[in-house]
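model this:
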Amino acid sequence: MKVSSEKIEGCQVALTVEVEPDEMGKALDGAYRRLVGKVAIPGFRKGKAPRALLERHIGKESMDAEALEYLVPELYDRAIDQEQVEAIGQPNVEITQNDPPIFKATVPVRPVVELGDYRSISVTSEKVEITEENVDEGIKNLRQMQATWEPVERESRIDDLVTIDVEGIVEDKTVLDRKEIPFRLSADATIPVPGFVDQVQGMKAGEQKEFTIPFPDDNESEELAGKDCLYKISMTEVKEEHLPEVDEEFVKSLGQEIETVEQLRERLLENITAAAERERQTKLENDVIDAVAAVSQFEFPAMFTEQEIDRLANEQVTRMGGMQIEDFLRYRGITAEDFRNELRPMAEKRVMSSLLLNKVHDAESIEVSDDEITAGVDRLVEEAGEEQGEMVRKMFESPEARESITGRLLTEKTLKLLIEIATADNNAAEEVTETEDKNDQSSDEAEPEVAESSEPTVQAEDPNQQSTSEEDSK
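Here you go, the predicted model:
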């Protein structure tokens, strides 16, 4: 066996193996013994036909293929040992030459991660600021959830709910044919195409209309992209939205043990603030990981991405509440390949994040104690509630489950450390600003007493002098 190896992009090694004549001869002997008892040859009982006759009967290519089916795996195992290749997945094997036989095995190997100076990264995170307008928008959303729709005898307007029959024709071919579909006239709607709502609003129940709008050049369907579509619309009903008044009756109808409008606004403020804080934290974590990635070098095999895509797809199927993936794809009007390509960027980001964080917690010798694991389980039990809590606790009694939560806690601690590193300068600046604000506030509060002093000018200027000296020191 002659072997050569080459590192190629994507954390792979390409092994080229040339089979020696004696190795092929032994493999053909084995192929003959296996096949002679299976193949019926006229004039011979099974297992008794001479090798030359068997080869003529089934063909040399079939004999060679049978021999290589058993020989290639054996030579591959020997080749990776000889070349000291640490394979982490199954190889992609290709026969590149028949005589003498040569095959190429492309095998994934461990990812390469070289951390840069991650302790020099800096990331800014804006503070969460929720206004009364945000609360007002939350109340509007709650009102819309309980809105009623009443038929009206007038032209349709933006925000109305209309019922229409719609037919779309492209090059004499019907591409859309729906009857009695409810359609909300939204000002920013882009479905089925941008400009559709502009044409439909103004119609009354019982009216019909035809108009032509082109599909966008970047339309999901390449067959329709950029082509004109003739729409035929029949409107059967127009309804307007009636929002409930924001009073105690409305508030109590929401449940949640809320009795007054003021309590509702307080609860919404808490919820909106918490949601905004979670969003801020998620963005901060992503920015920190991107900053570490920007100063580091890393490469990983494609199989990592494909495995992560599988996990993401399974998560989405689970969230669909029992809908089969085939039905989901049919509803979206996309292929399985399209779906995987949609998930690919997120999968690649997850793999990159995991590799970098693992490398950082190794570099920083970050560990998770048994007490931290127990506390983590307790937190999950509490979040699960009384009914599911004990089941969750039992689930985390297994070593596999505890290993899972250990990995999660390691990730949390590593991210926390990186965030502290990346925001250290910003936090220091905020502390200085807060100190200056307090000093200014103290000075303002002291002014009445200063005015009564015998040296008002000097004492009044002291705070400004102090502030200036602090600025100079910075």
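
Could you use CA atoms for every contact and neighbour count after this?
Fine.

Could you give me the buried positions within the biggest strand by length in the chain?
The longest strand of the chain (DSSP state E) is strand 228-242. The neighbour-count check on strand 228-242 (16 or more other CA atoms under 10 Å) flags 228-240 as buried.

Pull out the buried residues from the helix or strand Ala276 falls within.
Using DSSP states H and E, the secondary-structure element containing Ala276 is helix 261-294. Across helix 261-294, burial judged by 16+ other CA under 10 Å covers 261, 264-265, 268-269, 272-273, 276, 280, 284-285, 287-293.

likewise stretch 406-420?
Here stretch 406-420 shows Thr406, Gly407, Leu409, Leu410, Thr411, Lys413, Thr414, Leu415, Leu417, Leu418, Ile419, Glu420 as buried, counting by 16+ other CA under 10 Å.

Same check on stretch 61-68?
So for stretch 61-68, counting by 16+ other CA under 10 Å, buried means Met63, Asp64, Glu66, Ala67, Leu68.

looking at this, Glu129 is in a strand?
No: using DSSP: H, G, I helix; E, B strand; the rest coil, the assignment for Glu129 is coil, not a strand.

can you tell me which residues contact it?
Listed by CA atoms under 8 Å, 6 or more residues apart in numbering, the contact partners of Glu129 are Thr273.

Show me how the record splits the chain into domains.
2-110, 148-242, 425-473 (automatic domain parsing).

can you redo those domains as JSON lines with mean pLDDT?
As requested, the domains of the chain are exported to JSON lines (pLDDT from 0 to 100):
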{"stretch": "domain 2-110", "mean pLDDT": "92"}
{"stretch": "domain 148-242", "mean pLDDT": "93"}
{"stretch": "domain 425-473", "mean pLDDT": "43"}
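
Ok, which of these comes nearest Arg319?
Nearest to Arg319, of all the domains of the chain, is domain 148-242, at 24.1 Å by CA to CA.

For the closest one, measure first residue to last.
Its first and final residues considered, domain 148-242 spans 5 Å by CA to CA, to the nearest Å.

can you tell me the helix or strand for the closest residue to Lys204 other than its chain neighbours?
Counting by CA to CA, 6 or more residues apart in numbering, Glu155 is the residue found nearest to Lys204 once chain neighbours are left out, at 4.7 Å. Using DSSP H and E, Glu155 falls within no helix or strand.

quick one, phi psi at Glu155?
Phi and psi for Glu155, reported as degrees, to the nearest 10, are phi -70, psi 140.

pretty sure it contacts Gly206?
No: the criterion here is CA atoms under 8 Å, and Glu155 misses it with Gly206 at 10.8 Å.

Can you pick out the residue with more neighbours from these two?
The residue with more neighbours, out of Glu155 and Gly206, is Glu155; 14 against 11, by other CA atoms under 10 Å.

what about the residue nearest the centre of the chain, is that helix, strand or coil?
Nearest residue to the geometric centre of the chain (CA atoms, centre = their mean): Met346, 3.7 Å. Under the three-state scheme (three-state DSSP), Met346 adopts helix.

separation between it and Arg340?
Distance from Met346 to Arg340, by CA to CA: 10 Å.

same deal with Gln324?
For Gln324, the distance to Arg340 - CA to CA - is 16 Å.

of the two, who's got more company?
Ranked by neighbour count (other CA under 10 Å), Gln324 and Arg340 place Arg340 first, with 16 against 12.

In contact with that one, which residues?
By CA under 8 Å, 6+ apart, Arg340 lies in contact with Ile309, Ala313.

about what we covered before: for the buried residues of stretch 406-420, which one is nearest Asn98?
Closest to Asn98, out of all of these and judged by CA to CA, is Gly407, at 48.3 Å.

quick one: which helix or strand includes the closest one?
Gly407 belongs to helix 399-422, assigned by DSSP H and E.

Over to Thr212?
strand 208-214.

Can you mark which positions in that strand are buried?
Neighbour-count burial for strand 208-214 [16+ other CA under 10 Å]: Gln208, Ile213, Pro214.

got it, and stretch 167-187?
Here stretch 167-187 shows Glu167, Gly168, Ile169, Val170, Arg184, Leu185, Ser186 as buried, counting by 16+ other CA under 10 Å.

CA atoms of it as CSV?
Taking C-alpha atoms only, stretch 167-187 is exported to CSV below (Å, rounded to 0.1, in the frame of the first residue of the first chain):
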residue,chain,number,x,y,z
GLU,A,167,-56.9,35.3,-9.1
GLY,A,168,-53.3,35.9,-10.4
ILE,A,169,-52.4,35.2,-14.0
VAL,A,170,-48.8,35.2,-15.4
GLU,A,171,-48.3,34.7,-19.1
ASP,A,172,-51.8,33.1,-19.5
LYS,A,173,-51.1,30.7,-16.6
THR,A,174,-53.0,30.9,-13.3
VAL,A,175,-50.5,31.1,-10.4
LEU,A,176,-53.0,32.2,-7.7
ASP,A,177,-56.6,31.3,-7.2
ARG,A,178,-58.2,31.8,-3.8
LYS,A,179,-61.8,32.3,-2.8
GLU,A,180,-63.3,34.0,0.3
ILE,A,181,-59.9,34.8,1.9
PRO,A,182,-59.7,37.3,4.8
PHE,A,183,-57.1,40.0,4.1
ARG,A,184,-55.9,42.7,6.4
LEU,A,185,-55.2,46.0,4.6
SER,A,186,-51.8,46.8,6.2
ALA,A,187,-49.9,49.9,5.0
